[in-house]
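Novice: Take this sequence and fold it.
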Amino acid sequence: MASISSDGNGTTEPSSLAQRLEDIINAYYRGNRPPYSRIAEEIRQSTGRTFSATYLWELATGRKRNVTRDQLRVLAEHFGVTPDYFTDEEVSERVRRQMEFAAALGNSKVRTLAFRADSLSEAGLDALLTLVNAMSDQSGSQRRHRPAGRKG
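Specialist: Below you'll find the predicted structure:
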């Protein structure tokens, strides 16, 4: 991802702001994104600051690329990240991994597996990891080689 550079007037030119905003919106709403008008209203309610639904949509789709640091702070406050999430590639990647982890823990079977694995010995953890990696590799291979339209 490219970084955001300042134009010297307090605005930034994000090359990946749209993707980062989409990622955080999808994670926040767990893939059930409401209309931008509702998101803008929720931003107003949570931060006390007005954020235009149209402008939010334009940022999220990349149609607008200029955003002030203050606007980034408002978005960050609402979504529970630091403003650096939108401007720093390293921070963005770390948050993305945390969002993936949180989503995985949203699956009750993954959560149960994690809780039960916590009591295993190092040898047991290594064996479980080997098994999960092998099953994951096999599952990925089956998905890649499955004929279109067929499940399983």
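
Novice: How much space separates Arg73 from Asp118?
Specialist: Distance, Arg73 to Asp118, by C-beta to C-beta, to the nearest Å: 37 Å. In this view, the C-beta of every residue, glycine as well, is placed from N, C-alpha and C.

Novice: Likewise for Leu128?
Specialist: With C-beta to C-beta as the criterion, Leu128 and Asp118 are 11 Å apart.

Novice: Which one's more surrounded, these two?
Specialist: The residue with more neighbours, out of Leu128 and Asp118 and counting by other C-beta atoms under 10 Å, is Leu128; that gives 14 against 8.

Novice: Name all residues that make contact with the more buried one.
Specialist: Ala117, Leu120 (C-beta atoms under 8 Å, 6 or more residues apart in numbering).

Novice: Tell me which helix or strand it sits in.
Specialist: Leu128 is part of helix 122-145 when elements are defined by DSSP states H and E.

Novice: Give me the average confidence score over that helix.
Specialist: In this model, helix 122-145 has a mean pLDDT of 78.

Novice: So which residues of this protein form helices?
Specialist: In the chain, the segments counted as helices under DSSP state H are 17-28, 36-47, 53-61, 69-79, 84-87, 89-105, 108-117, 122-145.

Novice: for those, which one ends up most surrounded?
Specialist: helix 84-87 (a mean of 22; mean count of other C-beta atoms under 10 Å).

Novice: same for that helix, what does it pack against?
Specialist: Applying 3 or more C-beta pairs under 8 Å, 6 or more residues apart in numbering; DSSP states H and E, one finds that helix 84-87 contacts helix 17-28, helix 69-79, helix 89-105.

Novice: do you know which of the ones you listed lies nearest Glu41?
Specialist: Minimum separation from Glu41 across the helices and strands packed on helix 84-87 (C-beta to C-beta) falls at helix 69-79, 10.9 Å.
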